[in-house]
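Visitor: What follows is a protein structure lacking sequence information:
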Ligand code: HEM
């Protein structure tokens, strides 16, 4: 008889739940320190899992923008962008949970991290590249803008038309939701860092909070600029 698939097998839970290995465990560390380190590890691991989904969804969006010339997949793009925005919100909420990391326990297990640092997250760098920053647009916006041009429009005109641009409007809204969620995630990271370690240097060798603050960036500058112009146009038209 075929083996019946069970929840724990489908999700490979034995493997998944064997991957949290606090370095303080097995030493004469307090139980409280081991539990806090487990909390710290789970927050990072689950963030990496969500990053995996966000990157896959956004890369699928870029794929639609680069391989199609019409709006046949546009509603799927809206779904993907809205999901990515919701998941960036999950990253933000997970960071705010880390506000509950015990100051004493973190100080006790931090040296066990060696030089390991979130700055070495390959998935974070992939996401940052996709989304771009305040100075440079990333492939997400570049491919959107080129797709819009191929379909005979301009982003500027679509931004001006607002809700009358229909699915293009929903895409622009969702892109900005991803960008704003990304910004909130970065800012909550800085506030978390100042709460648990003040202005100490990071394990990755940076100055810590000051460095992270300088990295906070609001992506999609062109869209924000165009929305600003549309705002002025709409307020003049209604006066
Ligand atoms: C108590 C918790 C945390 C502390 C104290 C902390 C601290 C830091 C510090 C000081 C840096 C600067 C680089 C360095 O010198 O190490 C950094 C970078 C980073 N951390 Fe965290 N972090 C925490 C939680 C998290 C979590 C849960 C994530 C989720 C993946 C994360 C992701 C990152 C990323 C992606 C960077 C690079 C940011 C950039 O280059 O702009 N961190 N972290």
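Guide: Thanks, I have it. Keep in mind that what you see is a predicted model, and the values were worked out from it rather than measured. Numbers count the residues shown, from 1 in each chain.
Visitor: and the helix or strand where residue 125 lies, is it in reach of the ligand?
Guide: Here residue 125, judged by DSSP states H and E, is contained in helix 122-131. Yes. Contact of helix 122-131 with the ligand (CB under 6 Å from any ligand atom) involves residue 124. Placement of C-beta: from N, CA and C, glycine included.
Visitor: In the following helix or strand past that helix, which residues are buried?
Guide: Next helix or strand after helix 122-131 toward the C-terminus (DSSP H and E): helix 139-150. For helix 139-150, burial by neighbour count (16 or more other CB atoms under 10 Å) applies to 139-141, 143-145, 147-148.
Visitor: Which pLDDT value goes with residue 1?
Guide: Reported pLDDT at residue 1 in the predicted model: 57.
Visitor: ok, and for the helix or strand where residue 93 lies, which residues are buried?
Guide: Assigned by DSSP H and E, residue 93 belongs to helix 74-97. Neighbour counts over helix 74-97 (16+ other CB under 10 Å) mark 74, 77-78, 80-85, 87-92, 94-95 as buried.
Visitor: Can you tell me which residues in the protein are near the ligand?
Guide: So the chain meets the ligand at 43-44, 47, 95, 98, 101, 117-119, 121, 124, 189, 192-193, 196-197, 202-206, 208, 211-212, 215 (CB under 6 Å from any ligand atom).
Visitor: So which helix or strand of this structure has the lowest pLDDT on average?
Guide: Least confident helix or strand, the chain: helix 221-238 with a mean of 87, by mean pLDDT, DSSP states H and E.
Visitor: Just name whatever secondary elements that one is in contact with.
Guide: helix 139-150, helix 155-161, helix 167-197 (3 or more CB pairs under 8 Å, 6 or more residues apart in numbering; DSSP states H and E).
Visitor: how much space between the residue nearest the centre of the chain and the ligand?
Guide: Central residue of the chain (CA atoms, centre = their mean): residue 88, 4.2 Å from the mean position. Counting by CB to the nearest ligand atom, to the nearest Å, the gap from residue 88 to the ligand is 12 Å.
Visitor: Residue 72 too?
Guide: On the measure of CB to the nearest ligand atom, residue 72 and the ligand end up 35 Å apart.
Visitor: what about that residue, which SS state?
Guide: coil (DSSP: H, G, I helix; E, B strand; the rest coil).
Visitor: Need the pLDDT of it.
Guide: 95.
Visitor: so what's it up against?
Guide: Counting by CB atoms under 8 Å, 6 or more residues apart in numbering, residue 72 touches no other residue.
Visitor: where does this protein have low pLDDT?
Guide: Along the chain, segments meeting pLDDT under 70 span 1-2.
Visitor: can we see that at 80?
Guide: 1-2, 27, 234, 237-239 (pLDDT under 80).
Visitor: The longest helix anywhere in the chain to helix 74-97, inter-axis angle?
Guide: Longest helix in the chain by number of residues (criterion: DSSP state H): helix 31-67. With axes from the mean of the first three to the mean of the last three CA atoms, to 10 degrees applied, the angle from helix 31-67 to helix 74-97 works out at 160 degrees.
Visitor: Off-centre distance for helix 31-67?
Guide: 8 Å (CA atoms, centre = their mean, to the nearest Å).
Visitor: Which elements pack onto it?
Guide: helix 74-97, helix 103-109, helix 122-131, helix 139-150.
Visitor: repeat that for 10 Å
Guide: The contact analysis (3 or more CB pairs under 10 Å, 6 or more residues apart in numbering; DSSP states H and E) places helix 31-67 against helix 74-97, helix 103-109, helix 122-131, helix 139-150, helix 167-197.
Visitor: any idea how far residue 35 is from the ligand?
Guide: Counting by CB to the nearest ligand atom, the separation of residue 35 from the ligand is 14 Å.
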